[in-house]
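Got a predicted structure plus its sequence, pasted below:
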Amino acid sequence: MSNLQSQVPTRRFGCSDRQVSVIGQGTWMLEDSAPTAVAALQRGIDLGLTHIDTAEMYGQGAAERLVAAAIKGRREQVFLVSKVLPSNASRRNTLKACEDSLQRLGTDYLDCYLLHWRGRTKLAETLGAFESLQQQGKIRSFGVSNFDVDDLDEALSIVGPGKLACNQVLYHLQERAIEHNVLPWCQRNEVAVVAYSPFGHGNFPSRGGKGGSVLEQLAAKYAVTPYQIALAFLCRHPETFAIPKTVNLAHVAANAAAASLQLDADELDAIDLAFPRGAKPRSLPTI
Ligand SMILES: NC(=O)c1ccc[n+]([C@@H]2O[C@H](COP(=O)([O-])OP(=O)(O)OC[C@H]3O[C@@H](n4cnc5c(N)ncnc54)[C@H](OP(=O)(O)O)[C@@H]3O)[C@@H](O)[C@H]2O)c1
């Protein structure tokens, strides 16, 4: 048994004044396991996994409805994030999409609202809608997702410094492309980096492989699982957060406990060697 603490530490969320749990809870495809999913989210909140990530896209609103059931009566305990689809990113549709998300979530505000990925709508239009929603108190902060540095530069030039709370990006042991430019950009500009699909969307390094055995050795040393070692590695920088998704109560507890696991420099180096970041790809990888 692991003797890690189960209370999840928090850290400042980018330029915002909010302290947010380092590990949170994803909700993509949650609707495939509906009743268990609500219990898992509630257990996660009990343990301090209070950063909840959802989107209008997930199950066409079904995931947001499950989140509503999980946070009923405890809205203030969670940092609630949802996302607008690029196909809804015009000013008028963004305002409407936000209202619809709020209604499905059973709340009157989001802690953070993101553009899910960049589409054809002018960025200034979507970000302008986000600013209006913020002024109306419907969202407390806003950010982006799947943005490479050129998009981040453009967003920063539109809203100015200190406004973009986060960039939610694909980041796991076998996909470290953000470390080339996106992570340093976010570190320089006080933008939180939220690692989505931190376990590779179910494609976790196999036990028998070279990298897998490094994870196994470290897991044995700390009496944890390789998944917990992976989360500790991804959250090693003070700007990073991770939002694994699980509907398994034991996995919820494991993810919560992983947030207080600190690996030393040699251990981080061993993982770095086992899962090299590789050359910078032409465009930012996404799922
Ligand atoms: N912004 C974007 O474009 C974007 C894209 C993709 C995802 N996301 C967000 O990121 C969240 C997470 O990513 P994801 O859902 O793609 O997948 P993920 O979190 O990388 O992996 C989920 C898989 O890991 C398993 N798992 C979770 N915790 C575990 C543990 N402690 N031990 C062993 N297995 C564990 C889950 O199975 P069990 O249920 O059996 O535990 C599930 O099969 C999404 O749900 C979504 O909120 C955002």
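That came in fine, so what should we check first?

where exactly do the helices run in the stretch 51-200 of the chain?
62-71, 91-105, 123-135, 149-159, 182-188 (DSSP state H, counting those that start in this stretch).

residues from the stretch 151-287 of the chain in reach of the ligand?
The stretch 151-287 of the chain comes close to the ligand at residues 168, 196-202, 225, 227, 243-248, 251, 254-255, 287, as judged by CB under 6 Å from any ligand atom. Glycine gets a C-beta too; all of them are placed from N, C-alpha and C.

Can you flag which of the residues you listed belong to strands?
The strands, defined by DSSP state E, take in 168, 196 from those.

Now which of the residues of the stretch 151-287 of the chain next to the ligand would you call buried?
168, 196-201, 225, 227, 243-247, 251, 254-255 (16 or more other CB atoms under 10 Å).

Filter the residues of the stretch 151-287 of the chain next to the ligand down to just the ones in helices.
Mapping those onto helices (DSSP state H) picks out 227, 251, 254-255.

before we move on, the earlier item: most tightly packed of the helices of the stretch 51-200 of the chain?
Highest mean neighbour count among the helices of the stretch 51-200 of the chain (mean count of other CB atoms under 10 Å): helix 62-71, with a mean of 22.

residues contacting the residue in the chain that the ligand sits nearest to?
With CB to the nearest ligand atom, the shortest gap between the chain and the ligand falls at residue 26, namely 2.3 Å. Taking CB atoms under 8 Å, 6 or more residues apart in numbering, we find residue 26 in contact with 53, 196-197, 243-245.

Taking the residues you listed, tell me the two that lie furthest apart.
Maximum pairwise distance among the contacts of residue 26 (CB to CB): 11.0 Å, between 53 and 197.
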